[in-house]
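# quick one, structure for this:
(2 chains)
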Amino acid sequence: MSPVLAGVLQLLALIAALALAYRPLGDHMARVYSSDRHLRVEKWIYKGIGADPNTEMRRPAYLRGVLAFSAVSVLFLYLLQRIQGSLPGSLGFSSIDPDQAFNTAASFATNTNWQSYYGEQAMGHVVQTGGLAVQNFVSAAVGIAVAVALVRGFARSRTGELGNFWADLVRGTVRILLPLSVIAAIVLVACGVIQNFAGIHEVGQFTGGGQEWNGGAVASQEAIKEIGTNGGGYFNANSAHPFENPNAFSNLFEVFLLLLIPFALTRTFGRMVGSLRQGYAILATMATIWVGFICLMWWTEFAHHGPAFEIAGGAMEGKEARFGIGASSIFSISTTLTSTGAVDSFHSSNTGLGGGLNLLGMQLGEIAPGGTGSGLYGMLIMAVIAVFIAGLMVGRTPEYLGKKIGTREIKFAACYILITPTLVLVLTSLAMALPTPGDSMTNSGAHGFSEILYAYTSGANNNGSAFAGLNADTQWFNTTIGIAMLLGRFLPMVFVLALAGSLAEQKPVPATAGTLRTDKPLFAGLLVGAILIITGLTYFPALALGPLAEGLAS
Amino acid sequence: MNNSLTNTARLLWAGLRALAVLTVVTGILYPLAVTGVAQGLFPGKANGSEITSDGRVVGSSLIGQAYNLPLEKGQETPEPDLKWFQGRPRNGLGTNTANTRYKLILSGATNRSGDNADLIKWVKDAKAAVVEDNSTPDHEVKPSDVPADAVTSSGSGLDPHISPAYAGIQVHRIAERNGLSVAQVRRLVDEHTDGRILGFMGEPTVNVLELNIALKELVARS
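As a prediction, this is how the structure comes out:
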């Protein structure tokens, strides 16, 4: 069997598995966020928080909950790293420096998981398991909560009430992320992912001597790393490390996990707005872009243009033999089209155009299918933009799901889509203009520029993958990427919730013959077009200087 | 003003309590429960899939290692021990810098782009070395026979596998250096070649450590 055919079969198997999980998981999530009942364990948790899960929150209260919880998360994670040196169970590792601790705290609390540290030499058991892995859960639950609040904005009328943040946070964690993670972690251990609390120990070698390893709760972290579209590796090599991703099955399973919730949320959305077909249109848009990108990635990676790859006879640099090019391409597209950022191959050593696809995937706003929650709300914002464009063409006030998209709504949507490009392009220009940041580059020329563009694209879009030749552990990068991650996560949420509140206050408009049908293939096509055009126009000059220049030269 | 300050404080306090409770659930109970199940059901795998040979742990079947000759005086980079099957290059591996009392290996890739001068040189040198090392008096390896995985570093730097093609071009060398017949070594490689999982997942591979252990046993027997 040729590697290309094996790649296609792996993609088909992945699609089949996702399709099987789509209905039960999507419906389950809809029930979770619509139910009036509380589990006993949830009641204990609410008691611990001191919150009443039955109070409905309007937009300001919901937003305050999101921001307060996230602020506390950043602060706690920062302090935990700063005192690591004095904590027991830290493998004797020292405390993390302030700039790196800030960067990492911002990174994990924003669901980014950008890592300027080396996992195996920096973070002990307490920080990894009690700090970083906890944020893997809760930052994902916050993302889903905000998405659900937006969906309620579409589904509800004349109220302005968006649900209860604490209830959404706890339910997402307890009823969705935790059970999925337990099952996934055990499957991963069965494949060979390690799960222990061993200290640093020496293991013998074949030709004598030994190698030193630290143990860790890797499988439990790996599971939520993918399910919560987080992506922060226990080890520096992330999912390329055999202890995180031992074989081709675990590899495909990890891709399945990181796509599971983002795709299924479109069903949850359809359920909650009372029209499954609306969910399918969003799903079709996401799936079209995702499959299209994977095919493009195969095309460029199998063709392996680039001097070093042509001498080698294949683009295997940075790729593991057990995965090969087919599976690595599926992983690398899936991780950059979601907000995961886990890697099973190193994107910096992709072909020029392949690295460009990774960059473009993130620049689309990570909406195909995107991060847990953030993918759905990002895509719904694009849908609002698309109906607005369609409305302009025919000269009607645009409507989406029975809600008028008026001046206020379109302003919120426009602000949303301006935030990350502004952060990415301004910070990239600054880093290029200043004398010292460029010293962090490993590669020169177009690829060196791509390293920096990639870093800010990944940070501001909360992805977390890297063109890792860039030495990002400098005060400049730790600070600016940290800020990009925080603003790139929470400013969009402000506008999403503002939009949600505004929609929930409206009374529904009855559909007429002139209403644009947003549950049809035509609309999915329009949406794909709008996404590609808006992103293309925004980033084309930057992409031309980096990956396009590199890809076209080889 | 006072009122809003109190409100903010109350909100942050709620946030802190939520984080504390959820940390207990997801940061303590969850990993401990998974560890319990993992250690109960799959102790070997949960602890790193270690392999023993002659009653001694010789590594993990998942972690690639170097098969080098001992360093001689004044030598900085060790020479490969050509008696054994060789794995992929590992130019991206690092040594730890933060806690230097340990000799931890830092997994990692080279992160070099296709037009990077270092990478072009590494690949060229590796290719020349593979051709030279594996050509024996009665068998010449051509540059076009060398597969890509033989001259590129993996993502982790710890790739435990090589492609069957790379194992195949090492067969004549291994046979010559160990006094075995080519057919014997070829059979050994075939026995240690794993196809794609379920016929389509990933790529066919040869686990270098397992192959070398089997080779050692074969040499001891013959």
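# how's chain B carved up into domains?
Here the domain assignment for chain B is B:1-47, B:49-221, based on automatic domain parsing.
# of all these, which lies closest to chain A?
Checking these against chain A by C-beta to the nearest C-beta gives domain B:49-221 as the closest, at 2.3 Å. Bear in mind the C-beta positions are built from the backbone N, C-alpha and C, glycine included.
# now find how far off-centre the closest one is within its chain.
Centroid separation for domain B:49-221 versus its chain: 9 Å, with C-alpha atoms, centre = their mean, to the nearest Å.
# need the contact list for residue 83.
Because you didn't say which chain, this covers chain A. A:Ser95 (C-beta atoms under 8 Å, 6 or more residues apart in numbering or on different chains).
# actually chain B
B:Ile174, B:Arg177, B:Asn178.
# hang on, it in a helix?
No. Under DSSP: H, G, I helix; E, B strand; the rest coil, B:Lys83 falls outside any helix and is assigned coil.
# ok, and for stretch A:172-188, which residues are buried?
Within stretch A:172-188, the residues scored as buried using 16 or more other C-beta atoms under 10 Å in any protein chain shown are A:172-178, A:180-182, A:184-188.
# can you pull out the strands in chain B?
Applying DSSP state E to chain B gives strands spanning B:50-53, B:56-60, B:94-95, B:105-106, B:161-162, B:193-194, B:205-207.
# if you rank the contacts of B:Lys83 by neighbours, which is first?
B:Ile174 (27 neighbours; other C-beta atoms under 10 Å in any protein chain shown).
# three-state assignment of the one residue sitting closest to the centre of chain A?
Nearest residue to the geometric centre of chain A (C-alpha atoms, centre = their mean): A:Ser339, 1.3 Å. Secondary structure for A:Ser339, judged by three-state DSSP, is coil.
# doesn't A:Ser465 make contact with it?
No. Using C-beta atoms under 8 Å as the test, A:Ser339 is too far from A:Ser465 to be in contact (9.8 Å).
# enumerate every residue touching the residue nearest to the centre of chain A.
Counting by C-beta under 8 Å, 6+ apart, A:Ser339 touches A:111-112, A:229, A:231, A:366, A:370-372, A:374-375, A:461-464.
# any part of the helix-or-strand element of chain B with minimal mean pLDDT near chain A?
In chain B, the helix or strand scored least confidently by mean pLDDT, DSSP states H and E is strand B:94-95, which has a mean of 84. Yes. For strand B:94-95, a contact with chain A is found by C-beta under 8 Å from any C-beta of the partner chain, at B:Gly94.
# which residues sit in contact with B:Val37?
Residues near B:Val37 by C-beta under 8 Å, 6+ apart: A:Ile186, A:Val189.
# and the pLDDT for B:Asn2?
For B:Asn2, the pLDDT comes out at 69.
# wait, A:Arg139 touches A:Phe108, no?
Check again: residue A:139 is Ser, not Arg. Yes. Here A:Ser139 lies in contact with A:Phe108, judged by C-beta under 8 Å, at a distance of 6.7 Å.
# give me the common contacts of these two.
The contact sets of A:Ser139 and A:Phe108 overlap at A:Asn230 (C-beta under 8 Å, 6+ apart).
# any low-confidence regions in chain B?
Applying pLDDT under 70 to chain B flags the ranges B:1-2.
# so which of the buried residues of stretch A:172-188 would you say is closest to chain B?
Closest approach between the buried residues of stretch A:172-188 and chain B, by C-beta to the nearest C-beta: A:Ala185, at 4.6 Å.
# that closest one should be in a helix, yeah?
Yes. Under three-state DSSP, A:Ala185 falls within a helix.
# just the CA coordinates for the longest helix belonging to chain B, please, in CSV.
If you go by DSSP state H, chain B has its longest helix at helix B:2-23. C-alpha atoms of helix B:2-23 as CSV (Å, rounded to 0.1, in the frame of the first residue of the first chain):
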residue,chain,number,x,y,z
ASN,B,2,-16.3,50.8,48.0
ASN,B,3,-19.2,48.8,46.9
SER,B,4,-17.6,47.8,43.6
LEU,B,5,-14.4,47.0,45.4
THR,B,6,-16.2,44.6,47.7
ASN,B,7,-18.0,43.1,44.8
THR,B,8,-14.8,42.5,42.9
ALA,B,9,-13.2,41.0,46.0
ARG,B,10,-16.2,38.7,46.5
LEU,B,11,-16.1,37.6,42.9
LEU,B,12,-12.4,36.9,43.0
TRP,B,13,-12.9,34.9,46.2
ALA,B,14,-15.6,32.8,44.4
GLY,B,15,-13.1,32.3,41.6
LEU,B,16,-10.4,31.2,43.9
ARG,B,17,-12.7,28.7,45.7
ALA,B,18,-13.9,27.4,42.3
LEU,B,19,-10.3,26.9,41.3
ALA,B,20,-9.4,25.2,44.6
VAL,B,21,-12.3,22.7,44.3
LEU,B,22,-11.7,22.0,40.7
THR,B,23,-8.0,21.5,41.4
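# centre of the chain to it, how far?
Centroid displacement of helix B:2-23 relative to its chain, using C-alpha atoms, centre = their mean, is 46 Å.
# contacting residues around that helix?
A:45, A:48-51, A:64-65, A:68-69, A:71-73, A:76, A:130, A:134, A:137-138, A:166, A:169-170, A:173.
# pull out the buried members of those residues.
Here, 16+ other C-beta under 10 Å leaves A:45, A:48-49, A:51, A:64-65, A:68-69, A:71-73, A:76, A:130, A:134, A:137-138, A:166, A:169-170, A:173 buried among the contacts of helix B:2-23.
# in the stretch 251-400 of chain A, what residue comes closest to chain B?
Nearest residue of the stretch 251-400 of chain A to chain B, counting by C-beta to the nearest C-beta: A:Gly306, 2.3 Å away.
# thought that residue was touching B:Asp115?
Yes. Using C-beta under 8 Å, A:Gly306 is in contact with B:Asp115, at 5.9 Å.
# shared neighbours of the two, anything?
Taking C-beta under 8 Å, 6+ apart as the contact rule, A:Gly306 and B:Asp115 both touch A:Gly352, A:Ser554.
# of the two, who's got more company?
Neighbour count, other C-beta under 10 Å: between A:Gly306 and B:Asp115, A:Gly306 has more, with 29 against 22.
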